Structures are given as C-alpha cells and as structure tokens.
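missing the sequence, but the structure's below:
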C-alpha cells in the first residue's frame with residue numbers, strides 16, 4: 001500500500017469520535033511514565049531520557065487504544081520514537097475486527113504500518129490474524145497471535161510476525177498478585193534476541209522492592225543488564241522509583257546505571273491485540289530497563 005494517508009486519517013477521525021461517545025463508555029486502562037537514566041562506564045558518562053504512556057477506552061462494542069513513547073539522549077534530532085493508534089469492533093459471536101496504525105522513528109528514519117486484524121475469544125483464550133502494509137515495506141506483513149488468561153490477573157501470549165522475508169517471535173507473560181508482580185518478554189528477529197524479566201514485591205507502607213534482569217544479543221554481540229531498586233506509591237497507581245544497575249557488554253565495558261522515575265497506571269488492558277509499536281517499543285525499553293518495571 002503506497003499511500004496510507006487516507007486510511008490513517010479515517011482511523012484517527014474514528015478514534016476522536018469514540019472519545020465523544022455516550023456515558024456508557026469506560027476508560028479501562030491508562031498509564032504514563034517518565035524516566036531519567038545516567039550511565040557511567042570506562043568510556044565516560046551519558047544521560048538518557050524515556051517517557052510515554054498508553055490508553056484503552058471502550059464504548060459498548062467499540063474499543064479505542066493507543067500508546068506513545070520516546071527514548072533519547074536529550075536531543076530532538078536523535079532517539080527512538082514509537083506510537084500506535086487502534087480501533088476495534090467486537091461482534092456478538094466472540095469475533096473482534098479492528099484496524100491499527102503503528103509508527104516508528106529512529107534518528108529521523110521513519111517507518112509506519114497500517115494493519116487490519118481479526119481475533120476470536122473463547123473462554124480464557126484468544127487467537128488472531130493480521131495483515132499490514134506500508135509505503136516503507138516491499139511486502140505485506142502478516143502475523144498470528146494468541147493469548148491465554150492463566151488467572152484473573154495473569155496473561156501469557158505469543159506473536160508470530162512475518163515481515164520483509166523474516167519471521168519475528170515475540171512472547172510475553174504478565175502476572176500480578178496482591179503482594180508481587182512479574183513481567184517477562186522475549187523477542188527473536190533475524191539475528192537479534194532479547195529477553196527480560198522484571199518484578200516488584202510489596203513490603204508494605206506503600207514501599208516495593210523492584211528488580212530486573214535482561215539479556216540482548218545481536219549476531220554474537222551481546223549484553224546483560226541487572227538492576228535493583230525501590231518504588232514508593234504516593235497515591236493509588238502512582239509511584240516514584242530509584243534503581244541502580246550494571247550493564248555488562250560482552251568483551252567490552254561494564255557500565256553502571258542510576259535511574260529515577262515517575263510512573264502512573266490504572267486498570268488493565270482488555271484487548272489481547274498487541275501492535276508492532278507495543279512489541280518493539282516494549283522490547284527495546286525492557287532490554288535495558290529504560291521504560292518501566
């Protein structure tokens with residue numbers, strides 16, 4: 001699809017219309033984060049910022065969702081930007097039809113993709129298919145995805161994505177109980193492999209211990225990152241955090257990291273559809289603990 005501008009405008013207009021629907025609508029999920037990281041290694045020190053958020057809004061059988069984020073070194077001309085916007089309609093037979101638009105920019109090099117998808121939910125399970133195109137791609141991108149609600153507060157899922165002659169595999173697990181939460185992501189695309197696991201344990205008095213472990217490997221060149229810190233919840237759903245960590249680059253530097261952050265989250269996403277922005281932005285951030293725990 002060489003010209004997606006018209007479809008993007010339709011998608012955005014539909015989303016704005018959804019935001020003005022009747023009182024039966026519900027804001028089911030919302031999140032926002034802002035992080036500051038300082039890295040100190042043998043080659044010197046550097047600062048990195050990350051901020052963004054996501055939203056899900058439901059109105060009867062319609063669902064609007066979106067996310068946006070940026071990771072940069074303090075310059076408007078360099079960094080990684082990502083975002084998505086989606087609209088879906090749930091039929092009475094458990095089938096949901098939808099459109100979503102994802103965009104990425106790495107140091108000003110832009111890519112976007114518009115996808116149509118269908119997914120079917122039965123009990124605790126969801127399976128789906130999608131096809132997407134863009135003026136930046138030489139071929140249509142296809143994906144097969146699925147999710148399983150292993151508990152009321154726990155979900156595991158898998159995305160298989162075929163794009164530009166390569167197959168990407170992205171798996172995830174999100175689990176939360178009263179005192180602790182655990183999140184894991186694994187992505188394989190061509191020679192790139194990323195795995196991360198992070199969690200939090202509630203100590204009481206609004207204080208939680210947080211930690212993360214991540215590995216990334218690109219054609220034999222890899223790194224391992226670990227971090228440990230604490231969060232303080234000053235109002236329900238909102239917290240401040242501080243964490244320290246170490247990044248070990250294979251055959252290279254050992255980099256110390258200090259992170260400060262502010263997070264806010266409420267509700268839970270009800271849709272099991274993950275856009276390319278959600279997958280790639282999450283994997284990029286979690287590999288170094290740049291976005292959220």
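Yep, it's here. Because the structure is predicted, anything quoted here is derived from the model rather than measured.

CA atoms for contacts and neighbours, from now on please.
Will do.

which non-adjacent residue is nearest the residue of the chain most remote from its centre?
Within the chain, residue 42 marks the point farthest from the mean C-alpha position, 31.2 Å out by Cα atoms, centre = their mean. In space, and not counting its chain neighbours, residue 42 is closest to residue 253: 6.3 Å by Cα to Cα, 6 or more residues apart in numbering.

about what we covered before: got the contact list for the residue farthest from the centre of the chain?
With contacts defined as Cα atoms under 8 Å, 6 or more residues apart in numbering, the neighbours of residue 42 are 253, 254, 255.

Buried only: go through these for me.
Burial by neighbour count, judged by 16 or more other Cα atoms under 10 Å, picks out 254, 255 from these.

which one among the contacts of residue 42 gets closest to residue 275?
Distance to residue 275 across the contacts of residue 42 (Cα to Cα) is lowest for residue 255, with 31.9 Å.

right, and residue 143 touches residue 166 too?
No. Counting by Cα atoms under 8 Å, residue 143 does not reach residue 166; the two are 11.6 Å apart.

Of these two, which one has the most company?
residue 143 (19 against 10; other Cα atoms under 10 Å).

can you pull out the helices in the stretch 151-293 of the chain?
Using DSSP state H, counting those that start in this stretch, the helices of the stretch 151-293 of the chain run over residues 276-287.

Could you list the low-pLDDT ranges of it?
Counting by pLDDT under 70, the ranges of the stretch 151-293 of the chain that qualify are 281-293.

Kindly recompute the last result at 50.
The stretch 151-293 of the chain contains residues with pLDDT under 50 at 293.

Which parts of it are strands?
For the stretch 151-293 of the chain, the strands defined by DSSP state E, counting those that start in this stretch cover 154-163, 166-176, 180-189, 192-204, 207-218, 221-235, 238-249, 254-267.

Among these, single out whichever gets nearest to residue 65.
Proximity of the strands of the stretch 151-293 of the chain to residue 65 was assessed by Cα to Cα; the nearest stretch is strand 254-267, lying at 13.3 Å.

so residue 33 bridges to which residues?
Applying DSSP bridges to residue 33 gives these bridge partners: residue 52, residue 263.

Let me see the contact set for it.
Residue 33 makes contact with 50, 51, 52, 53, 261, 262, 263, 264, 291, 292 under the criterion Cα under 8 Å, 6+ apart.

do that again at 7 Å, thanks
51, 52, 53, 262, 263, 264 (Cα atoms under 7 Å, 6 or more residues apart in numbering).

Pretty sure the fifth one sits against residue 32.
Spelled out, that is residue 263. Yes. Contact criterion Cα atoms under 7 Å: residue 263 and residue 32 qualify, at 5.9 Å.

Could you list the low-confidence segments of the stretch 1-150 of the chain?
Scanning the stretch 1-150 of the chain for pLDDT under 50 picks out 1-23.

can we see that at 90?
Residues of the stretch 1-150 of the chain that meet the criterion pLDDT under 90 lie in 1-26, 37, 39, 41-46, 48-52, 69-82, 92, 104-112, 133-141.

can you pull out the helices in it?
Counting by DSSP H, counting those that start in this stretch, the helices of the stretch 1-150 of the chain are 5-18.
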